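Novice: here's a sequence, model it:
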Amino acid sequence: MSHTRNLGLKVGNNIQTAFSVTSGTRSVSALSKQLPGYYKSPFKYSCRAEIYHSGKIQSKLTLVQSYQGPTRTAVTVGDAPDKIVGPNWDNSDVYSNLKAARLESDLLEVEKLTEKLQQLCKSLDVEQPESVDVSVLVSVAELKLQAGTLLNDVQVFASCEQSTNGLNAEAKQVLARTRSLSSKLEQAIQPHTLMLRLAPHSAIQDYLTQVPAESFLVQHARKLRDTTLSLAEENIITALSLDGHSAWGHLYDAISSTLKCEVGGEVVGVAKAAGLLNSADEKVRREAYNSIQAAWRGQEEAAAGGLNSITGWRLELNKQRSAKAGRDVHFLEAALHGNHMTQATLDAMMEAVGEAKSLGQRCLRLQAKARSLTALHPADLLAPPPTLQSQDGKGRGSLQLEFEAGMDVIAEAVGSVGMEVKDFVRKAQESNWIEGGEGSARMPGAYCTSFESLRAPRVYLSSFTGSAQHVSTLAHELGHAYHSWVMRDMPLPLTRYPMNLAETASIFFETVVGDRLLTMAQSPQERMQYGWADATSAAVFLLNIPTRFDFECALYEARSEGRVLTPDDFRGMMTTAWEGRYGDTLTEMDSMFWASKLHFHLTSIQFYNFPYTFGYLFSLGVYAQQDIMGEGFKDAYVNLLRDTGSMTAEEVVMKHLGANIEEVEFWRGSIRIIEAKIDAFEQALKECGVEI
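Specialist: Sure thing, here's the model as predicted:
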């Protein structure tokens with residue numbers, strides 16, 4: 001026999017009383033009005049909630065809302081998990097495990113191909129490039145692609161295994177083997193690499209007629225002709241890098257995956273502690289932040305040694321290349337070449353970013369006011385918005401989405417670009433291409449990678465708690481995945497796009513999701529919540545990323561002077577960099593950021609910072625074209641993405657937007673878009689009663 005009880009439904013920090021539960025069913029129905037204030041939107045979402053009766057918790061549940069029209073909202077209930085976690089990926093379509101016979105067979109095939117390539121390349125005399133046999137160059141290109149694809153699959157698979165468990169000894173062994181094979185392969189084909197830079201123009205034209213997919217990459221690489229060393233020297237560099245330069249990055253990974261932090265009496269890995277910086281609980285955030293700081297202080301000598309050695313290696317290499325070229329090779333040159341962009345473009349962008357420093361600081365001041373603070377703590381920078389009262393007198397807490405609900409939000413948002421984009425997000429979910437589980441030895445951070453043989457992307461999140469920040473990160477990585485997906489039918493050489501243009505796709509997804517939610521907001525408090533995400537992004541890309549750039553420039557300049565920096569030096573340099581961008585918007589500076597931020601310790605790429613701001617600002621310019629182009633936008637957007645591996649950044653923007661990114665005004669246009677978003681955020685705060 002069923003009966004009805006009047007209950008309170010708590011979602012976040014908001015208790016609603018106009019609900020009833022009929023026992024014997026699994027539904028919650030509104031007595032007098034809709035569930036107010038959450039996602040009046042044409043899709044489902046779920047969140048954790050609690051049922052109250054007479055002031056006591058009756059049960060915990062998952063609330064799922066389906067929007068069915070302007071006057072009715074259906075609500076269903078399911079058992080709530082103790083905590084929100086993401087899914088585990090399934091990579092068994094590549095290899096069943098690290099000891100799979102197929103994996104071993106692929107590695108043996110790489111060894112055989114490397115031997116063939118070594119023999120072929122012996123006939124290439126780099127000292128006499130005018131005598132090159134183009135047919136040999138073509139044969140090497142074909143075998144190189146085969147070997148590289150096989151090696152990629154094994155390396156990506158083992159990296160995925162290590163990401164979920166940094167203590168996985170088998171993964172470490174396989175990765176060590178792939179690094180050794182990669183070094184041998186690179187040395188074997190070095191004559192081919194150098195010949196493509198040094199051979200006469202006529203020979204290169206003949207080669208590219210037969211291997212047209214390599215046209216852009218070869219022409220771009222030939223810009224480095226004057227800094228190219230001898231074959232013997234280039235091979236020595238490659239060989240020594242394996243246990244020299246690259247080893248420092250591997251050491252950092254080993255340390256970061258085993259560091260322990262204590263938060264709330266629980267011992268967790270540093271990746272999980274970093275995820276808690278997104279917590280709505282200020283105490284949890286502070287504990288997580290302080291614990292991360294303490295953990296890295298315990299490893300500061302190793303971190304300092306790594307940074308000194310990484311930068312020292314690169315500067316010495318630049319010195320050798322400078323001697324060969326008869327000119328100074330600046331420490332930014334490799335990063336600019338790798339991002340297919342000019343110094344003029346970087347200068348123009350950084351000038352606009354410098355002008356927008358006050359806009360980034362304004363974002364943080366608004367967030368501080370919303371928390372009734374005069375300034376934020378570094379632990380607050382990625383925190384969700386606080387609970388505020390809107391003009392209807394109701395306070396609504398920060399929503400946490402289950403993974404499936406977060407994917408619903410992303411899929412429906414990017415579906416506004418085109419159904420094919422939405423379908424891709426669904427495919428990624430259904431194909432189990434996403435990892436967001438939990439574990440004590442997970443690698444920190446988030447990334448997108450791909451298995452080249454299958455042309456299938458994978459997305460990794462070190463943690464997923466359902467926070468708005470984690471949903472945004474998920475959208476970001478899915479943007480990367482979509483970028484590679486729309487190029488899956490293209491020859492692999494045409495898909496080697498640089499980081500700055502890669503970030504365009506990822507940040508575009510973030511922007512679409514954020515703006516989609518904002519347009520569906522039904523109250524000032526909802527507009528504040530989504531505007532909060534805009535303010536956080538603006539502060540990251542206008543302040544935090546430039547801070548990283550400033551620090552790294554100062555680091556290279558100090559090491560260029562022959563200084564070996566101590567942990568105290570690094571703390572001082574990092575504090576100076578933070579103060580230069582953040583000013584008085586923070587109560588303290590993150591002086592250990594040089595150690596805790598993985599990007600400074602990567603050995604495969606330099607200046608892993610300014611491309612993010614490039615992608616952020618460029619994606620806003622691209623996104624602005626959606627309203628102008630209407631239904632034709634999706635195809636134009638895909639065409640832009642497909643060109644990113646075969647043009648410079650300047651050429652891509654000129655072709656698809658008709659703009660010159662070497663001029664500061666292009667970047668100012670994107671800054672104006674951000675300013676309008678922050679104006680809307682400020683207005684929402686005012687309507688929520690925040691005194692500005």
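Novice: hey, where'd the strands end up in the stretch 251-400 of the chain?
Specialist: Along the stretch 251-400 of the chain, counting by DSSP state E, counting those that start in this stretch, strands occupy 260-263, 266-269, 388-389, 395-396.
Novice: for the helix ranked longest in the chain, name the packing helices and strands.
Specialist: As far as residue count goes, and with DSSP state H defining each element, the longest helix of the chain is helix 134-164. The elements that helix 134-164 packs onto, with contact taken as 3 or more CB pairs under 8 Å, 6 or more residues apart in numbering; DSSP states H and E, are helix 101-121, helix 169-188, helix 190-198, helix 201-210, strand 434-435, strand 446-451, strand 456-461. Bear in mind the C-beta positions are built from the backbone N, C-alpha and C, glycine included.
Novice: tell me the strands beside the fifth one, with direction?
Specialist: Going back to what we said before, that points to strand 434-435. Strand 434-435 has the following sheet partners, assigned by DSSP bridges: strand 456-461 (parallel).
Novice: next SSE downstream of the strand it pairs with?
Specialist: Per DSSP states H and E, strand 456-461 leads on to helix 468-485 as the next helix or strand towards the C-terminus.
Novice: export that following helix as PDB, just CAs?
Specialist: Presented in PDB, the C-alpha positions along helix 468-485 are these (Å, rounded to 0.1, in the frame of the first residue of the first chain):
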ATOM      1  CA  ALA A 468      31.900  22.400 -13.400                       C
ATOM      2  CA  GLN A 469      35.700  22.600 -13.800                       C
ATOM      3  CA  HIS A 470      36.000  18.900 -14.500                       C
ATOM      4  CA  VAL A 471      33.100  19.000 -17.000                       C
ATOM      5  CA  SER A 472      34.900  21.800 -18.700                       C
ATOM      6  CA  THR A 473      38.200  19.900 -18.800                       C
ATOM      7  CA  LEU A 474      36.300  16.900 -20.200                       C
ATOM      8  CA  ALA A 475      34.900  19.100 -23.000                       C
ATOM      9  CA  HIS A 476      38.400  20.500 -23.600                       C
ATOM     10  CA  GLU A 477      39.900  17.100 -24.100                       C
ATOM     11  CA  LEU A 478      37.000  15.900 -26.300                       C
ATOM     12  CA  GLY A 479      37.700  19.000 -28.400                       C
ATOM     13  CA  HIS A 480      41.200  17.600 -29.000                       C
ATOM     14  CA  ALA A 481      39.700  14.200 -29.800                       C
ATOM     15  CA  TYR A 482      37.200  15.700 -32.300                       C
ATOM     16  CA  HIS A 483      40.100  17.500 -34.000                       C
ATOM     17  CA  SER A 484      41.900  14.200 -34.700                       C
ATOM     18  CA  TRP A 485      38.600  12.500 -35.500                       C
END
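Novice: and that helix with strand 456-461, angle?
Specialist: Helix 468-485 and strand 456-461 are oriented at 160 degrees to each other (axes from the mean of the first three to the mean of the last three CA atoms, to 10 degrees).
Novice: helix 468-485 packs against which elements?
Specialist: Using 3+ CB pairs under 8 Å, 6+ apart as the contact definition, the elements that helix 468-485 packs against are helix 403-414, helix 419-430, strand 446-451, strand 456-461, helix 499-519, helix 524-539.
Novice: weakest of those by average pLDDT?
Specialist: Of all the helices and strands packed on helix 468-485, the segment with the smallest mean pLDDT is helix 499-519, scoring a mean of 88.
Novice: ok, residues contacting stretch 417-435?
Specialist: 86-90, 160, 163-164, 404, 407, 410-412, 414-415, 456-461, 474, 478, 481-482, 485, 512, 626, 633-634, 637 (CB atoms under 8 Å, 6 or more residues apart in numbering).
Novice: from those residues, list the buried ones, please.
Specialist: Neighbour-count burial (16 or more other CB atoms under 10 Å) is assigned, among the contacts of stretch 417-435, to 86-87, 89, 160, 163-164, 407, 410-412, 414-415, 456-461, 474, 478, 481-482, 485, 512, 626, 633-634, 637.
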